[in-house]
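[1] when you get a sec, could you give me coordinates for this:
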Amino acid sequence: MMMRFNLANDASVYDVSPLFTATPFDQWNLTHLVKSELLNHRPITMRAGGTSLGGQSIGSGVVIDVSKHLTNILDYRPEDKEVDVEPGVIQDDLNNYVKADGLRFAPDTSTSNRAMIGGMIGNNSCGSYSVYYGTTREHVKSVDVILADGSETTFEPLTAKVLHDKLNLQTFEGSLYRTVFNLLERHGKQILENFPHPSIKRRNTGYALDELYRHHQPFNPLGKPFNLAPLICGSEGTLAVIKQATLNLVELPKHRQLICGHFESVEAALKIVPSLLEFNPASIELIDKATLDGAKANRQQQQNRFWIEGDPQAVLVIELFDESAEVLQTRLQAHQAWLLGHQAYSAPIIDTKDSAKVWEVRKAGLGMLMGKVTRKKAVAVIEDAAVPVHSMFDYYQDVQALMAELQVNCVYYGHASVGLIHIRPEIDLATAEGKRLFQTIAERNSKLVKNTAVLCQVNMVMAEFARRL
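    This is a model prediction of the structure:
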């Protein structure tokens with residue numbers, strides 16, 4: 001009973017009690033369990049770390065928790081920068097395992113000490129460095145999966161001959177390949193026209209069919225070998241159950257350092273982000289005044305706030321990577337001068353030994369806001385809504401207008417480099433009025449995001465038309 005209670009929640013505001021829960025002790029047991037539940041026609045929800053903010057890891061059917069036992073690093077090939085892992089491996093544990101060889105798994109979530117690979121694949125996790133490394137999808141080579149009929153297969157890069165053979169299989173797997181292949185062949189161009197613009201790195205709208213059509217053979221003759229693994233990334237466990245995955249690793253940056261631009265307003269900070277991307281940053285993170293002030297009440301964090309100058313309404317924390325220490329310092333100086341010439345009233349370069357203190361302020365400040373002893377909490381209702389970077393300022397203004405209309409205070413922070421701002425409205429979900437407000441904000445913001453993306457595409461088309469004239 002306690003297990004059912006614990007697994008009725010994740011990091012979201014939702015509460016859904018499962019029919020029952022299970023913790024398979026190895027891959028054979030997982031396969032047997034999934035097949036049994038498929039025969040009984042019971043819905044399955046896969047769960048790893050349970051860090052999802054949208055209720056993805058809870059369900060009313062059977063919750064299968066891989067965090068207890070499916071936690072093995074199966075094979076590690078540092079010379080190939082590859083590793084085979086089970087879905088319950090924690091991100092930090094994996095990175096600690098390969099760190100001695102100067103490697104890491106590129107996606108870097110804020111929940112890295114508990115987020116697990118299966119969940120990261122399920123929601124195509126990204127983290128602060130997605131502008132530099134991309135998403136989980138770009139770093140998953142293959143996945144061993146259980147399909148909806150209980151059969152097992154591996155989704156991996158295929159040669160033209162193997163793809164031909166897969167398309168001709170008279171099995172459930174063969175029908176999957178034919179369905180996806182025919183869909184791309186017949187409707188590829190329409191998919192590209194109707195999916196979010198490719199400049200939006202942080203998006204999981206539907207399944208990543210546009211990625212297959214844009215980047216994979218035979219639809220792109222110069223692209224990667226055809227591989228259905230990218231389709232699993234971001235599918236939230238709806239297409240297959242992951243038994244294990246082969247991941248590509250990246251080299252750790254040789255040198256890295258932060259610079260923190262201080263601004264009199266969030267608007268001033270957001271306006272310059274598109275131009276900052278020309279400096280090839282590894283990340284640009286926005287922290288608003290509410291989050292910065294949240295750490296003031298914590299005595300330890302008061303010491304960590306040494307880098308904050310004055311009373312900024314917003315800070316852009318910018319991180320640069322470089323192979324050369326000398327080149328990095330030159331870039332930082334140029335970056336600092338540019339910021340001071342573009343509305344930043346201060347832009348301290350942070351000593352590398354103090355970098356963690358910057359992130360501690362953000363983490364602690366956000367934690368204090370979440371834990372305030374008030375009826376109204378800053379809740380995750382607009383979470384991971386991403387827009388084109390060039391449209392981020394316009395989107396922010398629209399959200400500000402919406403919150404003013406609804407008379408709601410809001411917290412803003414997140415991955416400005418990729419057009420993603422976490423927006424946390426302060427709502428009392430214990431009341432009927434608060435629940436209605438939650439739904440209103442969710443519905444109206446979804447329209448804002450869609451309209452912003454559509455307007456961006458129209459503007460890009462017009463700009464290209466004007467260029468050709």
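[2] now do the contacts for the nearest residue to S151 once chain neighbours are set aside.
    Closest residue to S151 apart from its sequence neighbours, by C-beta to C-beta, 6 or more residues apart in numbering: F172 at 5.6 Å. From N, CA and C alone the C-beta is placed, and that goes for glycine too. Contacts for F172 (C-beta atoms under 8 Å, 6 or more residues apart in numbering) come out as L147, A148, D149, S151.
[3] give the burial count for the second one, as a bare number.
    A148 sits with 14 neighbouring residues when counted by other C-beta atoms under 10 Å.
[4] do the same with the last one
    Here the count is done by other C-beta under 10 Å, and S151 has 13 residues near it.
[5] from what I see, it and G174 are in contact.
    No. When contacts are counted by C-beta atoms under 8 Å, S151 is not listed as touching G174 (10.5 Å).
[6] quick one on the thing from earlier: CSV for the contacts of F172, including secondary structure and pLDDT?
    Compiled in CSV, these are given as follows (DSSP: H, G, I helix; E, B strand; the rest coil; pLDDT from 0 to 100):
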residue, secondary structure, pLDDT
L147, coil, 97
A148, coil, 95
D149, coil, 95
S151, coil, 97
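[7] how far out from the middle of the chain is stretch 130-141?
    Its chain's C-alpha centre and that of stretch 130-141 lie 10 Å apart, by C-alpha atoms, centre = their mean, to the nearest Å.
[8] now that stretch: mean pLDDT?
    Stretch 130-141 shows a mean pLDDT of 94.
[9] before we move on, what about stretch 295-305?
    81.
[10] confirm D311 sits in a helix?
    No. D311: not assigned to a helix; according to DSSP: H, G, I helix; E, B strand; the rest coil it is coil.
[11] so where's the stretch 301-450 of the chain uncertain?
    Residue ranges of the stretch 301-450 of the chain with pLDDT under 70: 365-366, 368-373.
[12] in contact with the residue lying closest to T440 once chain neighbours are set aside, which residues are there?
    Spatial nearest neighbour of T440, excluding adjacent residues (C-beta to C-beta, 6+ apart): L406 at 7.0 Å. When contacts are counted by C-beta under 8 Å, 6+ apart, L406 is found next to L437, T440, I441.
[13] before we move on, what about L286?
    Counting by C-beta under 8 Å, 6+ apart, L286 has contacts V266, A269, L270, A314, V315, L316, Y412, Y413, G414, H415, A416, I421.
[14] is the fourth one bridged to anything, and to what?
    As for beta bridges, A314 partners with F263, D288 under DSSP bridges.
[15] check what pLDDT the nearest residue to R77 once chain neighbours are set aside gets.
    Distances taken as C-beta to C-beta, 6+ apart place V83 nearest to R77, at 7.1 Å, with adjacent residues excluded. Looking at V83, its pLDDT stands at 98.
[16] do the same with the one 3 residues further on
    What the model reports for E86 is a pLDDT of 98.
[17] give me phi/psi at it?
    phi -90, psi 160 (degrees, to the nearest 10).
[18] same deal with P274?
    Here P274 shows phi and psi, under degrees, to the nearest 10, equal to phi -60, psi -40.
[19] ok, it - how many residues close by?
    Using other C-beta under 10 Å: P274 sits among 17 other residues.
[20] for A208, same thing?
    Using other C-beta under 10 Å: A208 sits among 22 other residues.
[21] C233 is in contact with that one, correct?
    Yes. If you go by C-beta under 8 Å, A208 and C233 touch, sitting 6.8 Å apart.
[22] what residues are shared contacts of these two?
    N124, R137.
[23] domains for the chain, by residue range?
    Domain assignment for the chain by automatic domain parsing gives 72-251, 253-365, 374-469.
[24] can I get those in a markdown table with distance to V16?
    A markdown table is the format used below for the domains of the chain (distance: least, C-beta to C-beta, whole Å):
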| stretch | distance to V16 |
| --- | --- |
| domain 72-251 | 15 |
| domain 253-365 | 28 |
| domain 374-469 | 15 |
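[25] and T51, which of those domains is closest to it?
    domain 72-251 (4.3 Å; C-beta to C-beta).
[26] now for the strand or helix carrying L316, which elements pack on it?
    Here L316 sits within strand 314-322, counting by DSSP states H and E. Where contact means 3 or more C-beta pairs under 8 Å, 6 or more residues apart in numbering; DSSP states H and E, strand 314-322 is packed against strand 255-263, helix 266-271, helix 273-276, strand 283-288, helix 325-340, helix 355-370.
[27] tell me the angle that strand makes with helix 325-340.
    160 degrees (axes from the mean of the first three to the mean of the last three C-alpha atoms, to 10 degrees).
[28] okay, the angle between strand 314-322 and strand 255-263?
    160 degrees.
[29] before we move on, the earlier item: can you lay out the contacts of F172 as TSV showing distance to N304?
    Converted to TSV, the contacts of F172 look like this (distance: C-beta to C-beta, whole Å):
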residue	distance to N304
L147	49
A148	49
D149	53
S151	53
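[30] which ones are touching S67?
    Contacts of S67 by C-beta under 8 Å, 6+ apart are T23, R47, A48, G49, G50, G88, M116.
[31] count of residues packed around H215?
    H215 - counted by other C-beta under 10 Å - has 17 other residues nearby.
[32] do you know how far it is from P225?
    Applying C-beta to C-beta, to the nearest Å, the value for H215 to P225 is 11 Å.
[33] ok, back up a step: what is the nearest of the contacts of L286 to N29?
    Looking across the contacts of L286 and measuring by C-beta to C-beta, the closest to N29 is H415, at 37.7 Å.
[34] hmm, that closest one is touching Y132, no?
    No. Counting by C-beta under 8 Å, H415 stays clear of Y132, with 11.2 Å between them.
[35] which of the two has more neighbours?
    H415 (24 against 19).
[36] count the neighbours of E211 for me.
    Count around E211 with other C-beta under 10 Å applied: 20.
[37] assign it to helix, strand or coil.
    helix.
[38] so it sits against I232, correct?
    No. With contact defined as C-beta under 8 Å, E211 does not reach I232; the gap is 11.6 Å.
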